[in-house]
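In: model this:
(chains A and B)
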Amino acid sequence: MAIPVEEGSLLHAPSDSKYTSLTRQSSLYKPLETYALDKEKHYQQQYGDMYFLRLAKLKPAVERIAAEAWDGFQIAGETVERVDRVLDVRQGKLCWVAGTIYMDMPLKPNILDDISKDHWTTVPPPREKYVSPSGEDLTMLEDESGRIRLIGTPLSREMLVTGCIIAVMGTENADGEFEVVDIRVPDLPPQLERWHTSDASAANGVKTKKAKAEDEDVEMDTPAPAPGGGKKIAIVSGLGFSGTNAENSLEIDLLTEYLLGEALDPAMQESASQISRLIIAGNSIASDGEAVSHDTIGNNRKSQKKYGYDSSAYNPAPIAHLDNFLASILPSMPVTLIPGATDPANASFPQQPIHPAMFPHARAYGSIPPSAGEEKQPGWFDAVTNPFDGEIEGWKVLGTGGQNVDDVFKYVESEDRLGLMEAMCRWRCCAPTAPDTLWSYPFQDDDPFVLNSCPHLFFVGSQPKFDTASIEGPDGQTVRLIAVPRFAETGEIVLVDSDTLETSVVRFAVSR
Amino acid sequence: MADYKSYLAANILSEDKVITYRLLSRALKVNVNTAKEMLYEFHHLQNAKKPGTVHATYLVSGTKRAEEQEASSGVQKDGEDEYMQSSPFMSSSMPQPDQDTEETSVLSITLVREEDLESLKSQYEHITSIHIYSLGPHPLKELQLLSDCTRELRALTASEDPLEYYPKYGAITNPLVKRRPARRPPPPPAPTTTSKPAPVKQEASKPSPAPVVKPEPKAKPEPKQQSTAAKDFFGKGKEKAKSEAKSGGTSAPSSKESTPAPNPPALKKNNSSDIFKAFAKAKPKLKKEGTDSSAAATEDEVMKDAVNFDDEDEEETYVPPAPKEESAGDRRSRKEREAQLRAMMEQDDDDAEDEVVPPVEQPEPEEEEETNPEKEKEEVKPEPEPTVTVSGGRRRGKRRVMRKKTIKDEEGYLVTREEAVWESFSEDEPVAPPPKPKAQSTTAKGKKGAEKKGQGSIMSFFGKK
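Out: Predicted coordinates for the structure are as follows:
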C-alpha cells in the first residue's frame, strides 16, 4: 500500500538520522494560597457573615462607579440622590443605593425540601435551571438594614444572581417596589502588570530558579518577546477517569504521548516541548452514579470496623489510573492539579487540594517539605485548591474546576458561559452564589471569592465546549477568559501562549 | 537492524499481538521516531510479500477543513451576540467572539485504521504529520483496545527510572524536574496499570494481588528472588511461578511484568495481605527449625516493618521482595494463618514498637470479612475471643461489645438492634492474671457468647469494676 509522503511523515524506512531528545521549556510558577483553609476547620459560624464581608468590601467600589455615573443625573428636573441603606429609600424619591442581590426563586433548592424528603416516594431529579418559566422569580436588593424588591426593564437586560453586589438607580413606587432605571456593577478590579509579584520573589533559592530569575530581569528590561518565546501552558479538564468505563483511555493515551513528545513527527514534538506546564482543571475522576445509589439508610453492613477500607463500597481504579497518568507525564513536565466537583476532595468551595497520598506514584514529584528556615516551594506536582489563584509566567491566573460557573448558570436563562465568566469578573466575585446554592466554607474574616486584583487569565473547567474571549475594563485591564471543555466528551485540550495569552486547541480523536 | 524485523515477526505474526510504536521503542530501546519508521518498513515489506497479513493504524495530525470547525465554534456566536445587545454596561469592552474563534487554531490528532485512512485524509485541509501508530495481525475492530498496549508498556518499563530512560525513547526531558530525594520505591505499577478502566465492572470482592514491595522475612534464603505473587494469584500455573522464582534471581526487578491483574492496588490492604503471604510462607519453615517463640519473634519484626510501611516515613529503604513459591500444603493452610494474622493486625496497629505477645487464644478466622461483606452479617460465627496484649503494665487489645444501634427500616420504622462490634481498649491496670481475660470476655461478650456459655452471675458483672 503506497501512501504519498507528506511533510512530517515518518512513513519511510528507518534512516540513520539520529533523533535528538528535546528539552522542555521551563515554567515559572508561583501558586498563591488565597483559597487554602486552615487545617482546623470550624463549621459553627453563620453564613451571613460572608454576605456582610462581601458587601463591605465591594460597596465602596461600586459606589464610586455609581457616583461617577449618576452624580448630578436628572430625571424630570429631579436630581438623583445617594441613599446609604436600602431601608432609607423613600417612596417617590429618585435615588440610588448599593446592596447585595438576592434572587427569590421558587425552584431553588430549599432546606425545607431536604427535611420533607423523607416523605417522598421518588426523589425529583436535580434541576438544570432555577429560573421559573412562569416568571415567579423575584429579584431583591438587600443590605444589613433590609431588603427591597426590584422591578423594571433593566433587570431583564441584566444578568443578576444571588450574591453579586450592584448599585441601582430608580425610585420606590406605591407598592413598595423599587423601579430600576439603571444598574452599575463594581467592574473589573485593578490589575497589576505582568511579573508584578513573581519577579519580586523570583529568588527561590534553587539554582535553576535563580538563573531563570535573571532571565526574567532581562526580559523586564527589554519588553521584546521572551528568549524562550512561544511557551505554552496546557489546560485540560474533565479527564473523567472511570472505574467502569474505558471509553476514553485511548484518547488519554494519545494526550500523554503528545505531551511527552512521543507522538507525531520531530517538528510537532518540538512544538510540544514548548508546553511548559499542564493544568488539570477539575473532574479528573468521572462520577460514578452507581456507587452512590447503593448507599441506603438501612444498610448497616458498614458497622463492622474493618482493617483497611471496604472494597465493596469503594473502587480505587479511577484514582489509580489518574496516578499513572500523572506519573508518566511528570518526568517531563510539571503539573498543577485543581480538584473538581467529582474529584475526591471536599465538596464545598473552596475545595482543598487532593491529598498526595492518593497518588502513590505521582507524589514522588510532590512538594519537598522545606527544611528549617527555607521558604516553601511549590511542588513539581502541585495539587492546589479550587479555585486556584497563582502566577504562571508572570500572569496572574485564576482558575476553577467549573462549579462556580455551573451554579451561576442555573440562575440565568442565558446559555452563554463566557458571558457568565465575564459577569463574574465584573462583579469582582468569582463565586457569587456561594454560600447560597454553591456549597461553601463559612468564612468569618474574609470573603476570598472577592477579587482584589484582576487576573490576566481566568479559566473555568468542565464546560460543555471550548470558548474564549478577551474582555477589557475601564482602566485598561484585559482578561483572557477561557471555558475549558471536558476532555472526556470533546477530546480537546487548550494551549495558552504564555506571551500573548492567545489560545489554540488540540483535539484528540479516535476514528470509530 | 534486522533485529526489529524478527521481533515484529515473532510478536505480530506468531504471537498475534498488536505492537505500537511505543511498545517497540521500549522493547528494543530505540527512539520512538525510529520505531515508527521500523513499523512502516515492516508493514511495507510484509504486505509486499503477502498482502493483508499486517494491519496498521495511523496517527494523523493537522488542521481539519473549515466546516468541521464551524460545528464547534458556531454555536457560541449566537449566544454571544444576543447577550451583548442586551447588556449595556458591558458595552465598554465587548467580548470579540468572532475574531477570537477565528484566531483559535485547532490541531486535530486522529488515530485511524488503515482502511479508513483515505477518507480521514479527505477531511483534513492540511496534514502536518502522519505515522504508523500500531501494527497488528488483524484489522482492529475496537481501537480502544490499543490502550492495552499502554498498560503492557507500563509493565515493561515499571522498573526503569523515567528520568533516566525517557530521553532514550525520545520523550521530552525536563532538566528542572524535582523529585523527592529520599523516597521509598512506589508500588510497582504493574497490577495498577493493568487494572485500568475495564468495560466490565470489576468485581470488587476479588482480593487484589499485592503490588507492593514486601518486607522480607528473616528466614528467607535468596533474597533477590522475584515476587511472583501476582502470577500465583491468578492461577497462572504454579509450576511456572516456581520456575520463575528460581530463575528470577538473574533478572532482578522485572517482576512487574507479571500478568494483568483485574484489581487495582489498595495500598493499605495490599500491604497487609502481602504480609500475610509472607508469613504464610515463613511460618512453616520456622516451625520446623525452631520453637514457636522464635517464630513469634520473627513475626514481630515483620510486623514492625509492615506498620512502618503505612507511615509517611521518608527514610524507608528498598527491601527486596520475598520469594513467593509455595507448595500446595502451604497454600491450604495459608488462609487460616492469614486470618490469625489479620486479627493480630487489628489488635495492635498503632503501636508496633511494643513487644507483641501472641494472642492468648487464637481468634477463629474472621477471614471472609473483606471479601464477602454481605455474608458476614447473617452468618453465625464462632465467637472470637477478645485479644489482649500486655506490655509494660499496659493492657491493650480488642474486645467485642454489644452496641445498640437505631436505624430506620424500609417502612420508616425505627428499629433498635444490638450488634457486636469490636472495640479497642487499653488500660493502665496492672497485668491481669491469665484467667482474667476469659472472665472478662464472658461478660463483655455479646449475645451469642452468652448463649453458648450460659449466663454468668450478675455479681461478676458488678464485681469486675
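
In: got the contact list for residue A:146?
Out: Neighbour list for residue A:146: A:85-87 [criterion: Cβ atoms under 8 Å, 6 or more residues apart in numbering or on different chains]. Quick note: C-beta positions are derived from backbone N, CA and C, even for glycine.

In: out of those residues, which end up buried?
Out: residue A:86 (16 or more other Cβ atoms under 10 Å in any protein chain shown).

In: can you tell me which of the contacts of residue A:146 is nearest residue A:149?
Out: residue A:86 (10.6 Å; Cβ to Cβ).

In: show the pLDDT at the closest one.
Out: If you check residue A:86, the pLDDT there is 90.

In: now it: phi and psi?
Out: phi -60, psi -40 (degrees, to the nearest 10).

In: quick one: buried residues of the longest helix along chain A?
Out: Counting residues, the longest helix found in chain A (DSSP state H) is helix A:48-70. Judged by neighbour count (16+ other Cβ under 10 Å), helix A:48-70 contains these buried residues: A:49-51, A:53-55, A:57-59, A:61-63, A:65-67, A:70.

In: how about residues contacting the helix or strand that contains residue A:112?
Out: Using DSSP states H and E, residue A:112 falls within helix A:111-116. Identification of contacts with helix A:111-116 by Cβ under 8 Å, 6+ apart yields no residue at all.

In: what do you get for stretch B:134-148?
Out: So stretch B:134-148 is contacted by A:246-247, A:249-250, A:252-253, A:510-512, B:8, B:12-13, B:16-21, B:39, B:42-43, B:53-57, B:111, B:113-115, B:133, B:149, B:196 (Cβ under 8 Å, 6+ apart).

In: just the ones in helices from those, please.
Out: Those of these mapping onto helices are A:249-250, A:252-253, B:8, B:21, B:39, B:42-43, B:149, per DSSP H.

In: show me which pair in those residues is furthest apart.
Out: Farthest pair in the ones in helices among the contacts of stretch B:134-148 (Cβ to Cβ) is A:252 and B:42. Separation: 27.2 Å.

In: would you mind writing the CA trace of stretch B:164-175 as PDB?
Out: Once non-C-alpha atoms are left out, stretch B:164-175 reads as follows in PDB (Å, rounded to 0.1, in the frame of the first residue of the first chain):
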ATOM      1  CA  GLU B 164      16.900   8.200  33.000                       C
ATOM      2  CA  TYR B 165      15.000   6.400  30.300                       C
ATOM      3  CA  TYR B 166      12.700   9.000  28.800                       C
ATOM      4  CA  PRO B 167      15.400  10.700  26.800                       C
ATOM      5  CA  LYS B 168      16.400   7.300  25.300                       C
ATOM      6  CA  TYR B 169      13.000   6.900  23.900                       C
ATOM      7  CA  GLY B 170      12.800  10.400  22.600                       C
ATOM      8  CA  ALA B 171      10.400  11.900  25.100                       C
ATOM      9  CA  ILE B 172      10.900  15.500  26.000                       C
ATOM     10  CA  THR B 173      13.100  15.800  29.000                       C
ATOM     11  CA  ASN B 174      13.000  18.500  31.600                       C
ATOM     12  CA  PRO B 175      16.200  19.400  33.400                       C
END
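
In: wait, does it contact chain A?
Out: Yes: for stretch B:164-175 and chain A, the contact criterion (Cβ under 8 Å from any Cβ of the partner chain) is met by B:166-175.

In: list the buried ones in the longest strand belonging to chain A?
Out: Counting by DSSP state E, the longest strand found in chain A is strand A:95-104. Judged by neighbour count using 16+ other Cβ under 10 Å, the buried positions of strand A:95-104 are A:95-103.

In: what packs against that strand?
Out: Helices and strands touching strand A:95-104, by 3 or more Cβ pairs under 8 Å, 6 or more residues apart in numbering or on different chains; DSSP states H and E, are helix A:48-70, strand A:81-82, strand A:138-142, strand A:165-172.

In: chain center to the longest one, what's the gap?
Out: The gap between the average C-alpha position of helix A:48-70 and the chain average comes to 23 Å, counting by Cα atoms, centre = their mean, to the nearest Å.

In: one step back: in a markdown table: the ones in helices among the contacts of stretch B:134-148, plus distance to residue A:406.
Out: Shown next, in a markdown table, are the ones in helices among the contacts of stretch B:134-148 (distance: Cβ to Cβ, whole Å):
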| residue | distance to residue A:406 |
| --- | --- |
| A:249 | 26 |
| A:250 | 28 |
| A:252 | 23 |
| A:253 | 28 |
| B:8 | 49 |
| B:21 | 39 |
| B:39 | 44 |
| B:42 | 49 |
| B:43 | 47 |
| B:149 | 36 |
